[in-house]
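A.B. asks: Sharing a sequence plus its predicted fold:
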Amino acid sequence: MATKAKEVVKPEVKEIAKSEKVIEERKNISANLKNTSGQDVKDEDYFFGGVTPPGFKGTCGNPVDREDLVAVFNKVFKPSDNILFYKQADKEVYIVIIPIKNSNEIGENNNSIIGDFQKHAISFLNEGSVNEGTLKGKLERIKKFVKYEDR
């Protein structure tokens with residue numbers, strides 16, 4: 001008696017279409033990003049594939065609005081580079097978000113997934129609160145992770 005070979009099951013086309021639909025829907029969700037000048041910037045300039053990751057606001061908080069800290073930030077990074085400076089709402093943690101064009105960690109060649117973005121967290125939890133000198137030192141360390149091809 002001959003035994004039948006098992007049939008290989010391929011993923012259904014419906015599943016692929018569903019994931020493409022989810023990606024398309026997420027493209028319509030905006031994180032309402034703002035640069036250090038308070039101007040709106042495009043989500044697709046920061047998120048790989050132009051898709052805002054779910055929970056962005058909860059994870060990254062809101063733009064920093066303390067003028068003294070923004071002034072320090074703008075001395076390290078040019079405002080025209082549109083590098084974002086965010087702060088978590090409930091912690092003394094600041095987040096620097098690099099545009100895709102200046103990112104050295106996010107892209108096709110790094111096998112990034114849709115919605116990835118290059119962020120750097122700066123924590124002041126151990127220090128109690130941020131001071132301008134320490135912030136500048138931590139920002140200077142982040143500078144080496146930014147590629148400036150258009151300068």
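C.D. replies: All right, it came through fine. Numbering: from 1, shown residues only.
A.B. asks: Can you report phi and psi for the residue lying closest to P99 once chain neighbours are set aside?
C.D. replies: Nearest non-adjacent residue to P99, counting by Cβ to Cβ, 6 or more residues apart in numbering: D45, 5.0 Å away. In short, each C-beta sits where N, CA and C put it, glycine included. Torsion angles at D45 (phi, psi; degrees, to the nearest 10) stand at phi -80, psi -10.
A.B. asks: pretty sure D45 contacts N82?
C.D. replies: Yes: if you go by Cβ atoms under 8 Å, D45 and N82 touch, sitting 7.1 Å apart.
A.B. asks: what do these two both touch?
C.D. replies: P99 (Cβ atoms under 8 Å, 6 or more residues apart in numbering).
A.B. asks: Between the two, tell me which one has more neighbours.
C.D. replies: A direct count of neighbours by other Cβ atoms under 10 Å for D45 and N82 places N82 higher, at 22 against 15.
A.B. asks: Could you pull up the residues touching the residue nearest to P99?
C.D. replies: By Cβ under 8 Å, 6+ apart, the contact set of D45 is N82, P99, I100, K101.
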